[in-house]
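Trainee: The amino acid sequence is not available; the structure is as follows:
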């Protein structure tokens, strides 16, 4: 850390432009915002580059380094990337660029690290920092804190750092790092600071997401499922650099314009995802050999590469099998995969490394590019590998129920106590409850041909008046309800989460159905 701070301070004093090199997801863009703001507060000159997902792909690029050097840059700081950039680090050394890598991606104990002036990564060999699961933006926050504290430690601690925690909390929740230890502190304090957004960009984003932090306490769910998808939409569908502009602009009109664009891109992302997912489900239904494989590898021409990772996640959720979704364009296959407990996906694709032009990832998520002509061989090898590793183990969806809670026990007081568990997310999951023999007060309603809305009462005897009913929503549960033949008066068991719907017309406490079944006789 000391070497990194010394070099940044030298650049600030000498008026050297500093290049921040980020990533196109929430973690990478917010990390750029944090460091850019900190360095500019100290009088530094900052430029940034976020690669275009489709045109450049993930990670540090030598061509960008060469261009930056020609423009007078002598210091490059990576955020949320860099630990695999060996060739690019060599390029920086050859050019005479000082390189500081800030990243959080995991390394094996015997892995080497790229050549750099400084590496800030708690997962690098021999690093004694106790919190190993910080996201990229949290590590950028550490560097920003160290820089600012040298100048004014009191102001940094009392004013600047709390403000910076807003971005760090968004990234921590969105990047799905475990919400325990220091991460829980960052998320909790950051959510508290987000109640009073100051910047025009953050306020415009809240408006686009129909969130009012002054009126309702923000939750991990709000960040993960309402803010983060809109931020990520820029990198998936267009140019992620506009996210940085959104959070850095002081112009309210420009902020509104950018937030509106993110909203449109997110809708486009949802439509694109839904269309491709329909095609994937049709393929699995029509090809029994494909559906029976231990790992599902589905390819399609021209599927948008910005959503193939989400599509792989959807296939895993539906089938409980590891899945890889591949988009083929101009003879090149771009793949993204997601996995399940017990199957190391990076280890699996490493057995096929000779087929790829580039690849990377970790146990549960991978990405790669390769000539499309090699896909049949990739499928053959991965299917054999999955058969060897998973054997006769049958895929199954495991649902962890935290407690049995009849619907008539849900009260505002209980909801208030559950709020104290926030921030909820990865590593601190939202409680899932079980209600047995709940009765449908009215006939099921289908929304958008996919979703289910029910009115439920805990009293299973229709002859006895129910003291209260509760609304329930089941995302993608309409087909399941039809299969079970649900009608008014039907009894069901549901696994559910408790939600607070803030819609002005039909808001209030409701149950979000995770799973449903007919009760045992």
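Mentor: Looks like it came in fine. Quick caveat: nothing in here was measured; it's all calculated off a predicted structure.

Trainee: drop to CA atoms for contacts and neighbour counts, all remaining ones
Mentor: Noted.

Trainee: quick check: mean pLDDT across the longest helix along the chain?
Mentor: Of all the elements of type helix in the chain, the one with the most residues (DSSP state H) is helix 252-286. Confidence over helix 252-286, taken as the mean pLDDT, stands at 95.

Trainee: and that helix, which residues are buried?
Mentor: By neighbour count, and taking 16 or more other C-alpha atoms under 10 Å as the criterion, the buried residues in helix 252-286 are 254-256, 258-266, 269, 272-273, 276-277, 280, 284.

Trainee: Name whatever forms a beta bridge with the nearest residue to residue 502 once chain neighbours are set aside.
Mentor: Leaving out its chain neighbours, the residue that sits closest to residue 502 by C-alpha to C-alpha, 6 or more residues apart in numbering is residue 508, at 6.4 Å. When bridges are assigned using DSSP bridges, the partners listed for residue 508 are residue 501.

Trainee: Same check on residue 455?
Mentor: Judged by DSSP bridges, the bridge partners of residue 455 are residue 471.

Trainee: pull the helix or strand with minimum mean pLDDT from the protein.
Mentor: Confidence across the helices and strands of the chain bottoms out at strand 358-361, with a mean of 82, counting by mean pLDDT, DSSP states H and E.

Trainee: returning to what we had before: ok, the residue nearest to residue 502 - contacts?
Mentor: Residues in contact with residue 508, defined by C-alpha atoms under 8 Å, 6 or more residues apart in numbering, are 500, 501, 502.

Trainee: helices or strands up against the longest helix of the chain?
Mentor: In this structure, helix 252-286 packs against helix 200-208, helix 228-237, helix 241-248, helix 288-292, helix 308-319, with contacts taken as 3 or more C-alpha pairs under 8 Å, 6 or more residues apart in numbering; DSSP states H and E.

Trainee: and the direction of the longest one versus that of helix 228-237, what angle?
Mentor: The one in question is helix 308-319. Relative orientation of helix 308-319 and helix 228-237, computed by axes from the mean of the first three to the mean of the last three C-alpha atoms, to 10 degrees: 120 degrees.

Trainee: Same question for the third one.
Mentor: For helix 241-248 against helix 228-237, the angle between stretch directions is 140 degrees (the same axes, to 10 degrees).

Trainee: So which residues make contact with helix 241-248?
Mentor: Residues outside helix 241-248 that contact it (C-alpha under 8 Å, 6+ apart): 24, 29-30, 32-33, 37, 49-50, 199-202, 231, 234, 254-255, 258-259.

Trainee: now the strands: where do they sit in the stretch 401-521 of the chain?
Mentor: Listed from the start of the chain, the stretch 401-521 of the chain has strands (DSSP state E, counting those that start in this stretch) covering 403-404, 433-440, 445-447, 451-457, 470-474, 491-501, 508-517.

Trainee: what's the closest of those to residue 170?
Mentor: Comparing the strands of the stretch 401-521 of the chain against residue 170 with C-alpha to C-alpha, the closest turns out to be strand 491-501 (20.4 Å).

Trainee: quick check: mean pLDDT across the closest one?
Mentor: Mean pLDDT, taken over the full extent of strand 491-501, equals 94.

Trainee: what comes up buried for it?
Mentor: Using 16+ other C-alpha under 10 Å as the burial criterion, the residues of strand 491-501 that qualify are 491, 492, 493, 494, 495, 496, 497, 498, 499.

Trainee: And the contacts of it?
Mentor: Strand 491-501 is touched from outside by 401, 415, 430-440, 460, 507-519, with contacts defined as C-alpha under 8 Å, 6+ apart.

Trainee: Would you show me how to pick out the buried ones of those residues in ChimeraX?
Mentor: Selecting only the buried entries of the contacts of strand 491-501 in ChimeraX, with 16+ other C-alpha under 10 Å as the criterion:
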select :430,432,433,434,435,436,437,438,439,440,460,509,510,511,512,513,514,516,518
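
Trainee: circling back: most packed of the helices and strands packed on helix 252-286?
Mentor: Of all these, helix 228-237 carries the top mean neighbour count, a mean of 25, counting by mean count of other C-alpha atoms under 10 Å.

Trainee: chain center to that helix: distance?
Mentor: The offset between the C-alpha centroid of helix 228-237 and the centroid of the whole chain comes to 10 Å, using C-alpha atoms, centre = their mean, to the nearest Å.

Trainee: So which elements touch it?
Mentor: For helix 228-237, the helices and strands in contact under the criterion 3+ C-alpha pairs under 8 Å, 6+ apart are helix 26-41, helix 241-248, helix 252-286.

Trainee: let's see it at 7 Å
Mentor: Helices and strands touching helix 228-237, as assessed by 3 or more C-alpha pairs under 7 Å, 6 or more residues apart in numbering; DSSP states H and E, comprise helix 26-41, helix 252-286.

Trainee: Also compute the angle for that helix relative to helix 200-208, please.
Mentor: Going by the same axes, to 10 degrees, helix 228-237 makes 110 degrees with helix 200-208.

Trainee: Mind checking the pLDDT average for helix 228-237?
Mentor: For helix 228-237, mean pLDDT rounds to 93.

Trainee: Next, the angle helix 252-286 makes with it.
Mentor: Between helix 228-237 and helix 252-286, the angle comes out at 80 degrees (the same axes, to 10 degrees).

Trainee: Identify the residues contacting helix 228-237?
Mentor: Under the contact criterion C-alpha atoms under 7 Å, 6 or more residues apart in numbering, helix 228-237 has outside partners 24-26, 53, 174, 240, 243, 262-263, 265-266, 269, 306-307.
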